[in-house]
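1. below is the sequence, then the predicted model.
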Amino acid sequence: MREGVNLIVVVFNDGQMNLIRRQQIANYGHESGVAIANPDFAALAQAVGCSYLPATGDLGELARRIFAVGGVRLVELRLADQPSLEWQRLRAVLREGVRARLPEGAVQSIKRLLGR
């Protein structure tokens with residue numbers, strides 16, 4: 001802000017460490033310890049003296065507002081889960097259930113037979 005630069009900062013906010021979360025879901029069917037407490041981005045922007053623009057509603061209107069304002073702009077895009085995440089969770093739960101019911105060493109034997 002002090003330098004008077006014209007800058008757009010985009011925060012992709014999903015409220016968690018999503019890459020780690022997706023790996024946990026794919027491997028184990030559930031996540032653990034990946035939720036994070038985000039700051040209040042509107043208050044943060046106000047504290048440092050920049051504009052805050054939450055991505056809500058029409059994205060065309062958001063783009064017009066972003067470029068109509070000068071200086072530093074903080075844009076927050078809140079992200080939701082993708083539907084494919086539930087399929088990953090189901091697949092992992094089924095895989096873990098099958099593994100739990102197979103005798104010890106059976107999974108490794110099956111993988112060798114399949115060339116994996």
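-> That came through fine.
2. where does the chain have low pLDDT?
-> Per-residue confidence of the chain (counting by pLDDT under 70) places the weak regions at 82-83, 85.
3. and the residue nearest the centre of it?
-> Among the residues of the chain, residue 18 comes closest to the average C-alpha position under Cα atoms, centre = their mean, at 3.8 Å.
4. show me the contacts for that residue.
-> 34, 79 (Cβ atoms under 8 Å, 6 or more residues apart in numbering). Quick note: C-beta positions are derived from backbone N, CA and C, even for glycine.
5. do you know how far it is from residue 9?
-> Remark: distance between residue 18 and residue 9 (Cβ to Cβ, to the nearest Å) = 19 Å.
6. repeat that for residue 79.
-> Taking Cβ to Cβ as the measure, residue 79 and residue 9 are separated by 16 Å.
7. what of residue 35?
-> Residue 35 is 23 Å from residue 9, where distance means Cβ to Cβ.
8. could you tell me how many residues sit around residue 66?
-> Under the neighbour criterion other Cβ atoms under 10 Å, residue 66 is assigned a count of 15.
9. CA atoms only: put the host helix or strand of it into PDB for me.
-> Using DSSP states H and E, residue 66 sits within helix 59-68. Only the C-alpha atoms of helix 59-68 are listed here, as PDB (Å, rounded to 0.1, in the frame of the first residue of the first chain):
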ATOM      1  CA  LEU A  59     -18.500 -13.000 -12.000                       C
ATOM      2  CA  GLY A  60     -18.800 -10.500 -14.800                       C
ATOM      3  CA  GLU A  61     -19.900  -7.800 -12.300                       C
ATOM      4  CA  LEU A  62     -17.100  -8.800 -10.000                       C
ATOM      5  CA  ALA A  63     -14.600  -8.400 -12.800                       C
ATOM      6  CA  ARG A  64     -16.000  -4.900 -13.500                       C
ATOM      7  CA  ARG A  65     -15.700  -3.900  -9.900                       C
ATOM      8  CA  ILE A  66     -12.100  -5.300  -9.600                       C
ATOM      9  CA  PHE A  67     -10.900  -3.200 -12.600                       C
ATOM     10  CA  ALA A  68     -12.900  -0.100 -11.600                       C
END
